[in-house]
Structure formats: structure tokens, C-alpha cells
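K.L.:
Fold the stuff below for me.
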Amino acid sequence: MGISTLASYKGAQIFEALGLAPEVVDVCFSGTPSRVGGRGFDGLGADALALHASGWSESALPLGGADAGALPNPGDYAFRAGGPGVAEVHLNDPMAIADLQAAARGDGADGGKAAYARFAAKTDDLNSQISLRGLLRFKKPKKGAISIEQVEPASSIVKR
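P.N.:
Okay, the predicted model is just below:
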């Protein structure tokens, strides 16, 4: 990014806000681009209050137990099964991970190629449901491909 000191970072406006409504961006991150929108002050406040309530709730966990003082796990990073149609969607899907492990071990007559193909297909499917990147689509160029003579050689790019 070309930023090597704090002075060059301050006010550089090199980021884009994701998941925040224009009302929040205008007040808290003035001048920062935001093309997708998201949560406003009311939603952020409700999230903070809910998180606070979960940390100070009178839970039904038995006193003296290992989990009595633990905060509830919202499951943001861990797969949680909940039955058909109820399970949370995560990129760390158990079946995708199992296929990745099988591919890395080289299981099967094809040396793990089929397992990797299953992993890649499952991950692509999950990505389209979960991440912003998964919503992006490639556009086909309006005119044909450019000739190879118009492309800078890799040897000159690597020098830079």
C-alpha cells in the first residue's frame, strides 16, 4: 500500500467501509467510500446492548460449573449443527474440511484429485452464500482478448 509511517497512514482514506450505513460513515468516517451500506446507529446500539446483556445475564448454567462464568459462544467461527435447514453456514464446513484433508493426504486412486474437486465445489458454493467476494462475478470483455505482444513480460514486472 505504500504506507510505512504513521504520518503517511493518518487520513490516507485508503479503505472502504463495509457493513455500515451512510449515517454512520458520514459521522464517524467522513469521506470514506462505502458502496454496500449496512448497519446504522440503531442497529449497532442494539448489537452492543445484546452483547452486554449476554455477558451479564443470569444464565441457567449451574453455579460452580466450568461454564458458569463463560460468555455464550455465538458460533461466528465454529460450525454448529442444528438439524435440517437450521445449521449455520460457515466456510469451515466439516465435509469441505474432510475433503481438503483427504486431498492433502492423496487419498484415493487419483491421488486426492476427486476429493479436492469436491472441496473446491463446496467452498465455492459456501463462498457465494457467505462472503462479499462470493457475490462478485467476472464480466466478459466486450471485445476479444488482447494480443500477447501488448502484455508486459513477467521478467520486467519482477524487476520492479
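K.L.:
Which residues are in contact with the most centrally placed residue in the chain?
P.N.:
Nearest to the mean C-alpha position of the chain, by CA atoms, centre = their mean, lies residue 131 at 5.1 Å. The neighbours of residue 131, taking CB atoms under 8 Å, 6 or more residues apart in numbering as the test, are residue 91. All C-beta atoms are positioned from the backbone trio N, CA, C, and that covers glycine.
K.L.:
Show me which residues of the helix ranked longest in the chain are buried.
P.N.:
Secondary structure assigned by DSSP state H gives helix 113-130 as the longest helix of the chain. Buried residues in helix 113-130, counted by 16 or more other CB atoms under 10 Å: 115-116, 118-119, 122-123, 126.
K.L.:
which one of these sits closest to residue 51?
P.N.:
Each of the buried residues of helix 113-130 was scored against residue 51 by CB to CB, and residue 126 proved nearest at 26.0 Å.
K.L.:
Enumerate every residue touching residue 141.
P.N.:
By CB under 8 Å, 6+ apart, the contact set of residue 141 is empty.
K.L.:
pLDDT of stretch 54-63, averaged?
P.N.:
Throughout stretch 54-63, pLDDT has a mean value of 68.
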